[in-house]
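[1] Model the following, please.
(chains A, B, C and D)
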2 protein chains.
Amino acid sequence: MNPQVLVVEDEDALATLLQYNLEKEGYSVAVARDGEEALIQAEESTPDLVLVDWMLPKVSGIEVCRRLRGRQETANVPIIMLTARGEETDRVRGLDTGADDYVVKPFSMTELFARIRAVLRRIRPGLAGDVIEAGDISMDRVAHRVRRADREIHLGPTEFRLLDYLMQHPGRVFSREQLLDAVWGSDVYVEARTVDVHVGRLRKALNNKQERDPIRTVRSAGYAFDVNA
Amino acid sequence: MNPQVLVVEDEDALATLLQYNLEKEGYSVAVARDGEEALIQAEESTPDLVLVDWMLPKVSGIEVCRRLRGRQETANVPIIMLTARGEETDRVRGLDTGADDYVVKPFSMTELFARIRAVLRRIRPGLAGDVIEAGDISMDRVAHRVRRADREIHLGPTEFRLLDYLMQHPGRVFSREQLLDAVWGSDVYVEARTVDVHVGRLRKALNNKQERDPIRTVRSAGYAFDVNA
DNA sequence: CAAGCGGGCTACAGTTTTGTGACAACGGCC
DNA sequence: GGCCGTTGTCACAAAACTGTAGCCCGCTTG
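    This next block holds a predicted model:
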């Protein structure tokens, strides 16, 4: 079900970071340390997406690209290149060789996720995870629409992102600080209690009378989105 | 409560083996002998995980996958495929169709359990990770939930931490002072008797009538959480 | 057996935490 | 500029939780 991502990266720290964050985002991740390994792994279990570093030992990123493209089974697997600043002029070559997109290091996870979704959407619509459903609530991240039990729910941008984040991790409790980080951004400063207000607004928008409130308050801990009926 | 696993396997010996071991591991297991039965059962009681054999009479494993995915209620239920060696090239098709993982026969129970935990953690966090179980009590620290015998137990923050601590060290007796240190924090000062009150509250919340009290009072020593069956 | 200790339980008042309506600031957009 | 939807804060009310004292009971001990 989850998109399989093959990460090709020789630098341990980055590889681990990518794996950790991608898995948290809901992807299944395999890591290859060099181009050779990458080709073998790609053959064994065709991934839905390949993230490949430009600079690699043994077989370069470009070469990995070319070979993946050259092989019948992997010819259409989308590829995103990771390039360091300064290699930018090579972008062209990267794209020429068959990469679908590139990201310049250093990049934020958020940006990377956006690119991944974009590429998946283009190449493999349906795998991008554009629609999240939970109970009678469905949220379309492309169309920016939320509906509950067949009626359209109007949400402000912040409420939308908040619900998005909560639904991404159903059942899990997040502290106000975590939510601020994830939804507002780690750079802006807002009162923790602001989260309460937005949760309140979200609830009001989401819940008809008689409908179960999907957002659970956990006293002195935070909030969670509960799936279940 | 325990994750519900639906095993779809036509070979009797393997089905029984799986059921036996899964139940021992703490899952609730239902078995379907063929794909048709599987779809009916999945509809009746939405499982938390489906284990499906690749080769099945009537409706193939792949087809079961596809149909489960196609149906609203079961669209997000994680699926693990059981494939025989030699069908390996078909993995791709399996994953494409919507399986979240596959295990190649013959497999060890240990490996299977690891995969199950991994998949559950990925898809349904809270069903796999960070859960402590003891007898019919389970506590999920990520979701911040406690349940006993299928019913949700509501605990205040302190009660939650107290139970958490006791369950971490089952059988061991803690003095009131130790509990104050561990649960309240070594910096705050509260009466030792306060522990009694919280233990009382915890007991009241936890124990239905007729249920065995899992918290044991050790006179002039303290309290302990007893596992027992 | 009486006194004393230890612990279960309840009541309650004080605190902390959360829900919410009001409001002013802001940024688009006619 | 004026209108409108959105946002972050505040202040206050409501709800939930907490610690302590007090009372009672059973068991221990001398």
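[2] For residue A:217, list each beta-bridge partner.
    Note on residue A:217: beta-bridge partners by DSSP bridges are residue A:223.
[3] what's the burial count for it?
    A count of neighbours around residue A:217, defined by other C-beta atoms under 10 Å in any protein chain shown, yields 14. Where you see a C-beta, it was placed from the backbone N, CA and C, and this is true even at glycine.
[4] Repeat that for residue A:44.
    The number of residues packed near residue A:44 is 13, by other C-beta under 10 Å.
[5] Chain B versus that one, what's the distance?
    From residue A:44 across to chain B, the span is 8 Å (C-beta to the nearest C-beta, to the nearest Å).
[6] now residue A:136
    Counting by C-beta to the nearest C-beta, the gap between residue A:136 and chain B amounts to 10 Å.
[7] so what's that residue up against?
    Contacts for residue A:136 (C-beta atoms under 8 Å, 6 or more residues apart in numbering or on different chains) come out as A:148, A:149.
[8] Just the pLDDT for it.
    Taken from the predicted model, the pLDDT recorded for residue A:136 is 88.
[9] and what of residue A:194?
    Spelled out, the predicted local distance difference test score at residue A:194 is 97.
[10] Enumerate every residue touching it.
    Residues near residue A:194 by C-beta under 8 Å, 6+ apart: residue A:180.
[11] which SS state does it fall under?
    Under the three-state scheme (DSSP: H, G, I helix; E, B strand; the rest coil), the conformation of residue A:194 reads as helix.
[12] and it, how far is that from DNA strand D?
    Here residue A:194 is placed at a distance of 4 Å from DNA strand D (C-beta to the nearest atom of the strand, to the nearest Å).
[13] measure the residue positioned nearest the centre of chain A to residue A:172 for me?
    Central residue of chain A (C-alpha atoms, centre = their mean): residue A:113, 3.9 Å from the mean position. Distance check for residue A:113 against residue A:172: by C-beta to C-beta, to the nearest Å, it reads 18 Å.
[14] next one: residue A:199
    15 Å.
[15] Domain-wise, how is chain A divided?
    The record assigns chain A these domain ranges, following automatic domain parsing: A:4-123, A:131-225.
[16] nearest to residue B:205, of those domains?
    Closest approach to residue B:205 among the domains of chain A is made by domain A:131-225 (14.0 Å; C-beta to C-beta).
[17] Please list the residues of chain A that sit near DNA strand C.
    A:193, A:196-197, A:199-200, A:203-204, A:217-222 (C-beta under 7 Å from any atom of the strand).
[18] Any of these buried? List them.
    By the neighbour-count criterion of 16 or more other C-beta atoms under 10 Å in any protein chain shown, the residues of chain A next to DNA strand C include these buried positions: A:199, A:218, A:222.
[19] returning to what we had before: skipping adjacent residues, who's closest to the residue nearest to the centre of chain A in space?
    Once flanking residues are discounted, residue A:113 sits nearest to residue A:25: 5.9 Å by C-beta to C-beta, 6 or more residues apart in numbering or on different chains.
[20] neighbours of the residue in chain A that DNA strand D sits nearest to, just the number please.
    Closest contact between chain A and DNA strand D, by C-beta to the nearest atom of the strand, is at residue A:156 (2.7 Å). Residues contacting residue A:156 under the criterion other C-beta under 10 Å number 12.
[21] Just list the residues touching it, thanks.
    By C-beta under 8 Å, 6+ apart, residue A:156 lies in contact with residue A:201.
[22] same check, this time on the one 4 residues further on
    For residue A:160, the contacting residues are A:144, A:146, taking C-beta under 8 Å, 6+ apart as the criterion.
[23] before we move on, what SS does it have?
    Going by three-state DSSP, the state assigned to residue A:160 is helix.
[24] which residues in chain A form strands?
    Assigned by DSSP state E, chain A shows strands spanning A:4-8, A:28-32, A:49-53, A:79-84, A:101-105, A:131-134, A:137-140, A:145-148, A:151-153, A:173-174, A:215-218, A:222-225.
[25] If we go by neighbour counts, what in the longest one is buried?
    Put plainly, it is strand A:79-84. Within strand A:79-84, the residues that qualify as buried by neighbour count (16+ other C-beta under 10 Å) are A:79, A:80, A:81, A:82, A:83.
[26] so the first one makes contact with residue A:62?
    Going back to what we said before, that points to residue A:79. No: contact between residue A:79 and residue A:62 fails when scored by C-beta atoms under 8 Å: they sit 10.5 Å apart.
[27] Look up which residues are beta-bridged to residue A:105.
    According to DSSP bridges, residue A:84 are recorded as the beta-bridge partners of residue A:105.
[28] Burial check on residue A:187, number of neighbours?
    Residues contacting residue A:187 under the criterion other C-beta under 10 Å number 6.
[29] repeat for residue A:182
    18.
[30] Could you do the one 10 residues further on as well?
    For residue A:192, the number of neighbouring residues by other C-beta under 10 Å comes to 12.
[31] still on that earlier bit, between residue A:79 and residue A:62, which contacts overlap?
    By C-beta under 8 Å, 6+ apart, residue A:79 and residue A:62 have no common neighbours.
[32] Closest residue of chain A to DNA strand C?
    residue A:217 (3.7 Å).
[33] I figured that residue was touching residue A:223, is that so?
    Yes: at 5.9 Å, residue A:217 and residue A:223 qualify as touching, with contact defined as C-beta under 8 Å.
[34] overlap in contacts of those two?
    Here residue A:217 and residue A:223 have residue A:199 as joint contacts, going by C-beta under 8 Å, 6+ apart.
[35] need the helices for chain A, in chain order.
    Shown for chain A, the helices assigned by DSSP state H span residues A:12-24, A:35-44, A:61-70, A:91-97, A:109-123, A:157-168, A:176-179, A:193-206.
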